[in-house]
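Colleague: how would this look folded up:
(2 chains)
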Amino acid sequence: MASSTTGPVVGENKVSGFIFGVIAWIVGLMFFFPIFWLVLNSFKTEEAANGDPVLFFTPTLEQYREVTASSTGLLSFGEAFFNSAWVVVVSTIIVMVLAIPAAYSLAIRPVEKWRDVLFFFISTKFLPIAAAILPLWILARDLGLLNTRLVLIILYTALNLPLAVWMLRSFFAEVPRELIEASQMDGASLMSQIRSVILPIVSPGIAATALLSFIFAWNEFFLAVQLNPVDGSTVPIWVTTAVTTRGLFLAKLSAASTLATLPVVLAGWAAQKRMIRGLALGAIK
Amino acid sequence: MATVTYDSASRIYPGTEKPAVNELKLDIGDGELLVLVGPSGSGKSTALRMLAGLEFVDKGSILIDDRDVTLTPPQDRDIAMVFQNYALYPNMTVAGNMGFALKQQGVSKEERAKRVMEAAKILDLEEYLDRKPKNLSGGQRQRVAMGRAIVRSPQVFLMDEPLSNLDAKLRVSTRTQLVDLQARLGVTTVYVTHDQVEAMTMGHRVAVLDHGVLQQVDTPRRLYSAPANLFVAGFIGSPAMNLIEADRSGDELHFGSSVVALPADVQADLKASSATRFVIGIRPEHLSNAGGGLNSNVTVVEELGSDAFVHATIQHGGGDVTIVVRIDGETTVSRGDNMPISIDGPVHIFEADSGKRLGTPPE
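Modeller: Now for the predicted structure:
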């Protein structure tokens, strides 16, 4: 694959290129296969999913109907999906609104001791979340936030912010200094400098950071199950509660997991369109 | 149109003791093209960036048209700058790049389009207005960077080695176009380069800097014929001036075996000087092979067609010294030849340690 599309590189052996290509495909398929099998199983009957593995079968939407059907007392798919979307989108927006100015000031107008500041950000991720859960739970209880979407928005923002600042800082640092200086010479105000010159160049970085923040928040399970297992709970909780583990459940679990994965795939697809490399091409030299 | 004044302006970078630019005093006239030249680390770019407002002025002040702009942010100085690497906005088209400054000033869309078109005509960029910088060649990018500056009709142009990323041939032709453009627009221009040929060919006046200190500011001709000190003498001219160290013997200086004939004012300065070591500076064209008292041994001949530069060794001060002599291109000299030479033109004498020039420079 590698050698067939890009042509031979000088000094690179065609045979070794072919071997690396094969290895890359094998590794790629190994990563892809469980997802493929999950999706496949979600369209099977329970009997087929639990029986001997087969590639060809009559697909059915039975499992999807069953897991999305709401039963009283249990978290419904619609509710969970809405809660997740709300919590994830709001927290991601807050993260980006806070991280972009922070990254700007750390990369482009470094404050004194900016390295220490940066280290402080990442140091908040050192503590295992399991060690912090008890004080978090007590705080949430005292503030009346248990079982609310708000508690998850606050925590997901706090969890993703340090990483977002780190990622964005490195993207901002790649903006050529002269471009900012040129915009200053051209009489651009700070806002117009950021809007017209810096943001267009760092937009792939912003898309990547927002996507990562989205994925982390969407898939978060531990905090959700501890602090918000009842009302306003999210999709990962729904996956575990919608499927009864009595009897055969593999196909139903597959269907639920596939549904839970879809938004992330869609977000990734949307972000990928923005993640074009080399936006700064032609700026200098 | 404006004048520019550096009034003892200094820049000391945080964490360093030595100023990058040390008490620079410089007056630039209205419509003048002044070139700042010097080796790397001489402070020429820093001096330019101080005028741009991109570098803080630690001491002294900078005036544009007698208005003190020392603390004015770059946005409000009405200066346009061409960067060495062009610094084009990659997300904007050529027209967008050129019109950006006007947009910031709130100029209407029609007016912007009109002025961008005018600048594009001057620079032959009309057909590229809709392209993005990444789809342009190096020379075209350079012109867009120029266009971005001229479209604004600013008070002062600043150019920071704008030609150094072009290939040699394009650099020479662009150099001429730039001089012509500057003369037509008549905008005061400060131009930074490390290339003394560029400095000499472009500048109305040239300011030579070394280690942050202004060495001399003069017309190219004067810089060449009357260098104020040893540094300028060695820096300006290609090939460089022959600089030969000589100890004084009484009130005389010897070049090889012969006594150097010195004008009266130099003679007087030599008498008054307490230094013992001096440097004799002779331009290659002021040495002649038309016969003379000094024997030289030819090592390398550089043929340029119209003339040739001969590298030769002479016996001087108890050892071999290499000198360069310009000779007529018709004369055939080859390696190993014995070539008698003599001094045929002005001689510059400097104190070896202080670099100070002896005598009043000729007018």
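Colleague: Which of the three states applies to residue B:206?
Modeller: strand (DSSP: H, G, I helix; E, B strand; the rest coil).
Colleague: In this model residue B:34 seems to touch it, though I could be wrong.
Modeller: Yes. Taking Cβ atoms under 8 Å as the definition, residue B:206 is a contact partner of residue B:34 at 7.5 Å. C-beta here means a position set from N, CA and C on the backbone, and glycine is covered the same way.
Colleague: Among these two, which residue is more densely surrounded?
Modeller: Remark: of residue B:206 and residue B:34, residue B:206 carries more neighbours, 27 against 22, as counted by other Cβ atoms under 10 Å in any protein chain shown.
Colleague: and the more buried one, what does it touch?
Modeller: B:34, B:35, B:37, B:199, B:200, B:217, B:218, B:219, B:220, B:223, B:236 (Cβ atoms under 8 Å, 6 or more residues apart in numbering or on different chains).
Colleague: If any of the residues you listed are buried, give me the ChimeraX selection for them.
Modeller: Per 16 or more other Cβ atoms under 10 Å in any protein chain shown, the buried members of those correspond to this ChimeraX selection:
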select /B:34,35,37,199,200,217,218,220,223,236
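Colleague: Out of the contacts of residue B:206, which comes closest to residue B:325?
Modeller: The nearest member of the contacts of residue B:206 to residue B:325, counting by Cβ to Cβ, is residue B:236 at 18.7 Å.
Colleague: gap between the closest one and residue B:25?
Modeller: In this view, residue B:236 and residue B:25 are 20 Å apart by Cβ to Cβ, to the nearest Å.
Colleague: before we move on, what about residue B:197?
Modeller: 26 Å.
Colleague: Apart from its chain neighbours, what residue comes closest to residue B:215?
Modeller: Closest residue in space to residue B:215, ignoring its immediate chain neighbours: residue B:208 at 4.4 Å, by Cβ to Cβ, 6 or more residues apart in numbering or on different chains.
Colleague: do the same with residue B:96
Modeller: residue B:89 (6.9 Å).
Colleague: try residue B:189
Modeller: Using Cβ to Cβ, 6+ apart and skipping the chain neighbours, the partner closest in space to residue B:189 is residue B:157 (4.2 Å).
Colleague: Which residues are in contact with the one you found?
Modeller: Residue B:157 neighbours (Cβ under 8 Å, 6+ apart): B:79, B:80, B:81, B:82, B:149, B:150, B:182, B:187, B:188, B:189, B:190.
Colleague: isn't there a helix covering it?
Modeller: No. Using three-state DSSP, the assignment for residue B:157 is strand, not a helix.
Colleague: pretty sure residue B:86 contacts residue B:140?
Modeller: No. Using Cβ under 8 Å as the test, residue B:86 is too far from residue B:140 to be in contact (10.0 Å).
Colleague: Those two: who's more crowded?
Modeller: Legend: neighbour count by other Cβ under 10 Å for residue B:86 and residue B:140, higher for residue B:86 (26 against 17).
Colleague: of the contacts of residue B:157, closest to residue B:308?
Modeller: Using Cβ to Cβ, these come closest to residue B:308 at residue B:182, 34.5 Å.
Colleague: Just the CA coordinates for the host helix or strand of residue B:310, please, in CSV.
Modeller: Secondary structure from DSSP states H and E places residue B:310 in strand B:307-316. Taking Å, rounded to 0.1, in the frame of the first residue of the first chain, the C-alpha atoms of strand B:307-316 are listed here in CSV:
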residue,chain,number,x,y,z
ASP,B,307,39.6,42.4,-15.1
ALA,B,308,41.2,39.8,-12.8
PHE,B,309,42.0,39.5,-9.2
VAL,B,310,45.4,38.2,-8.5
HIS,B,311,46.2,36.7,-5.1
ALA,B,312,49.9,36.9,-4.4
THR,B,313,52.2,36.7,-1.4
ILE,B,314,54.8,39.4,-0.6
GLN,B,315,57.6,39.5,1.9
HIS,B,316,56.4,41.8,4.7
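Colleague: distance between the helix or strand following that strand and the chain's centre?
Modeller: Going down the chain from strand B:307-316, the next helix or strand is strand B:319-328, by DSSP H and E. A distance of 25 Å separates the centroid of the chain from that of strand B:319-328, by Cα atoms, centre = their mean, to the nearest Å.
Colleague: Show me what strand B:319-328 is packed up against.
Modeller: Here strand B:319-328 touches strand B:242-249, strand B:287-288, strand B:294-303, strand B:307-316, strand B:338-343, going by 3 or more Cβ pairs under 8 Å, 6 or more residues apart in numbering or on different chains; DSSP states H and E.
Colleague: and chain A, which of those strands is closest to it?
Modeller: Among the helices and strands packed on strand B:319-328, the nearest to chain A by Cβ to the nearest Cβ is strand B:294-303 (32.3 Å).
Colleague: Now tell me what touches that closest one from outside.
Modeller: B:255-258, B:308-315, B:322-323, B:325, B:329, B:333-342.
Colleague: So which bits of chain B are right by chain A?
Modeller: B:52-54, B:73-76, B:79-81, B:83-92, B:100-101, B:104-105, B:132-136, B:138, B:141, B:148, B:152, B:165 (Cβ under 8 Å from any Cβ of the partner chain).
Colleague: out of everything not next to it in sequence, what's closest to residue A:44?
Modeller: Per Cβ to Cβ, 6+ apart, closest to residue A:44 is residue A:251, 5.2 Å.
Colleague: Kindly apply the preceding question to residue B:5 instead.
Modeller: Closest to residue B:5 by Cβ to Cβ, 6+ apart is residue B:63, at 4.2 Å.
Colleague: give the contact list for residue A:242.
Modeller: With Cβ under 8 Å, 6+ apart, residue A:242 has these contacts: A:67, A:74, A:75, A:77, A:252, A:256.
Colleague: looking at it, the third one is touching residue A:237, isn't it?
Modeller: The one in question is residue A:75. Yes. Contact status for residue A:75 versus residue A:237: in contact at 6.5 Å, counting by Cβ under 8 Å.
Colleague: Checking my notes, residue B:190 in a strand, right?
Modeller: Yes. With three-state DSSP as the criterion, residue B:190 is part of a strand.
Colleague: what's the spacing between it and residue B:159?
Modeller: Distance, residue B:190 to residue B:159, using Cβ to Cβ: 7 Å.
Colleague: Over to residue B:251?
Modeller: Residue B:251 is 47 Å from residue B:159, by Cβ to Cβ.
Colleague: Which neighbouring elements make contact with whichever helix or strand residue B:350 is part of?
Modeller: Taking DSSP H and E as the definition, residue B:350 sits inside strand B:348-351. On a contact count with 3+ Cβ pairs under 8 Å, 6+ apart, strand B:348-351 meets helix B:230-235, helix B:264-272, strand B:277-282.
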